[in-house]
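> task: produce atomic coordinates for the following.
(2 chains)
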Amino acid sequence: MILGLVEHDRGTLEEISLQMIAFGRDVAAHMDLPFTAVLMGEPARPLADTLRAHGVSSIVLVRHDGLDEYAPAGWAAALGRLMEEKQPRMVMAAGTDRGNEVMAHVAARADLPMAANCSEIHPGDPFEVTRLRWGSSLLEEAVLKGDPKLVTVAPDVFTPGEVPATEDPVLEEFSPALDEADLLVRVVRREEAAAEGITLKTAPVVIGGGRGVGSAEGYAVLEELAALIGGAVGGSRIATNNGWRPHSDQIGLTGSRIAPELYIACGISGAIQHLVGCKGAKRILVINNDPEAPFFFKADYGVVGDLHEVLSAIIEEIKKTT
Amino acid sequence: MNILVCIKRVPDIGAKVELTEDRRAIVTRNLGFTISPHEECAVEEGIQRIEKDGGDTTVLTLGPDGAEEQIRDSLARGVERGILLETGGNEWDAMETAQAIVEAIRARQEAAGDYDLFLFGNEAADTGDFQVAVRVAHALGLPCVTGVKALEIEGGKAVARREIESGWEIYEAPLPAVIAVKEGINLPRYPSLRGTMKAKKKPVDRLHPSATGATLEMQRLRHPPEQGKQVEMLGKGAGAAPRVVELLKSLEVMPS
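You can find the predicted model right below:
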């Protein structure tokens, strides 16, 4: 069997887990194995109904008081116990902060290799995987040894799909004994962020500034345009490393991934680390005074010119025509 | 406080990545190298902690001879000493790397006393394995928090904050602990000229771990399929504004 850890936060399903299930079901079919979804903690019980529509063969609900709140080593220890009992051929989770963390703990406990962020799996001998490097800018083809195979699934590669359920999957309860030490690190409290207005993640238009903006003050014109059209302002790593923008505004490999209708990139050359962050954008408009800037080759629209001049003219034009 | 910071040397890639003929590596002939971004913040976090509480920081990396550059860079910022686990230049997988780090830590702790805090980057920019810190923590029997964007040390425990969509999760771990940080936890300083001069005299030990054999065996690298975009130029300078506004209107992203 293949075990798939379904990620949830206090009973709310992370959509990305459905992608993992779609992928896992596919791999399971190729290997002629059943796919079993694992739900961690009692608060996840209601999710079984959702999973039934996603073609899982069976569901295991892991019950333990210490697992109701997220505890990375504890979730991994419980998975380890389940692995002892079920002897799966493969264990997977979504390639998220939690998924990668739990699977790393599972791998460390079992002294097995783990392949993070896989986009393809070719089961066989040797067992081959393709995984993301440089935040998806490069792909690695690798042979994954060890048994069972431990992987996480790259986000946004697979589309979740409901499938007609042939049989109602069985819900089995599993109550492992866990060591206190495994439950030592867990979420002890939370702080909700104050509701922001338009954010990088939700804005229909994002205006990003890079080296070409030149200073923190230089962002005023980006802010003005954003305010006018209901957009959000972000920046490249250079902007945050220079202290021009807070790190929370960074778009890229070590910052946010955005997916607006339109991304207006100003004074950004187009380094791979930045492109990783904005490849979800439906359209990209690049404004750069260097006509050879590599970003133009990844853009839908381009304007060659000084970003301050161009943005000021756009603002004037909007005020004139509306 | 005695802190060990583990870092990785990565190429400073730009807009185009060229692969070697055997497709097992990136062509780095014309590239510089840097400390991987999350680890650069781990170095800064270690230095700030020592500036606040006093103590000693050591930076450790596993890599080729050239990785001494990233150790010296860390020393120039304020770290006291370095350990280079020198490899022949072949890539080591996460399990091999973690094992070599654990052995080096054990040897060092026997000789010079225990570390209170182990700082890692959450994942290396190049390989993105997300596991070396966790493996080291397990081997040493220590608690581990990853994805940390704010860290306080209070009464012998680490209080670590992790950012999630809706706000923050707070974790606690008694010291000694392994903490894997993310960029944004601080704003790393640049090495000063004086720091760079001082760094030349700071001690760097070289160890030569032997590879145990990869269990996640990289075969080759490849580029993801190109999207094949054709850019439409909207004009030059301020003269392009009318066409940009037309575009905004046609995409219906502008409140009308």
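> show me where the stretch 51-200 of chain B has strands.
B:56-63, B:81-86, B:117-121, B:144-154, B:157-164, B:167-174, B:177-181 (DSSP state E, counting those that start in this stretch).
> the third one packs against which elements?
Read that as strand B:117-121. Applying 3 or more CB pairs under 8 Å, 6 or more residues apart in numbering or on different chains; DSSP states H and E, we find strand B:117-121 packed against strand B:2-7, helix B:37-53, helix B:132-140, strand B:177-181. The way it works is simple: take the backbone N, C-alpha and C, and place the C-beta from them, glycine included.
> I figured A:Ala110 was touching A:Leu82, is that so?
No - contact criterion CB atoms under 8 Å: A:Ala110 and A:Leu82 do not qualify, at 12.0 Å.
> list the beta-bridge partners for A:Val62.
A:Met40, A:Phe174 (DSSP bridges).
> ok so, going back, got JSON lines for the strands of the stretch 51-200 of chain B, with mean pLDDT and mean neighbour count too?
Below are those laid out as JSON lines (pLDDT from 0 to 100; neighbours: other CB atoms under 10 Å in any protein chain shown):
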{"stretch": "strand B:56-63", "mean pLDDT": "98", "mean neighbour count": "24"}
{"stretch": "strand B:81-86", "mean pLDDT": "98", "mean neighbour count": "22"}
{"stretch": "strand B:117-121", "mean pLDDT": "98", "mean neighbour count": "26"}
{"stretch": "strand B:144-154", "mean pLDDT": "97", "mean neighbour count": "21"}
{"stretch": "strand B:157-164", "mean pLDDT": "96", "mean neighbour count": "19"}
{"stretch": "strand B:167-174", "mean pLDDT": "97", "mean neighbour count": "18"}
{"stretch": "strand B:177-181", "mean pLDDT": "98", "mean neighbour count": "28"}
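> so who does the residue nearest to A:Ser175 when sequence neighbours are not counted touch?
Among residues not flanking A:Ser175 along the chain, A:Arg63 sits closest, at 4.8 Å (CB to CB, 6 or more residues apart in numbering or on different chains). Going by CB atoms under 8 Å, 6 or more residues apart in numbering or on different chains, A:Arg63 touches A:Gly41, A:Glu42, A:Glu173, A:Phe174, A:Ser175.
> which positions in stretch B:16-35 come out as buried?
Residues B:Val17, B:Ala25, B:Ile26, B:Phe33, B:Thr34, B:Ile35 are the ones in stretch B:16-35 that count as buried (16 or more other CB atoms under 10 Å in any protein chain shown).
> and the residues you listed, which is closest to chain A?
Nearest to chain A among these is B:Val17, at 6.1 Å by CB to the nearest CB.
> can you pull the pLDDT of the closest one?
B:Val17 carries a pLDDT value of 93.
> got it, and A:Asp168?
On the pLDDT scale, A:Asp168 gets 79.
> surely it and A:Leu51 touch.
No - using CB under 8 Å as the test, A:Asp168 is too far from A:Leu51 to be in contact (11.1 Å).
> settle it for me: which of those two has more neighbours?
Between A:Asp168 and A:Leu51, counting by other CB atoms under 10 Å in any protein chain shown, A:Leu51 is the more crowded of the two (23 against 8).
> how much space separates the more buried one from A:Arg25?
Distance, A:Leu51 to A:Arg25, by CB to CB, to the nearest Å: 11 Å.
> find the nearest non-adjacent residue to A:Gly235, please.
Nearest to A:Gly235 is A:Arg245, by CB to CB, 6+ apart, at 4.2 Å.
> same question, B:Met218
Closest to B:Met218 by CB to CB, 6+ apart is A:Ala142, at 5.0 Å.
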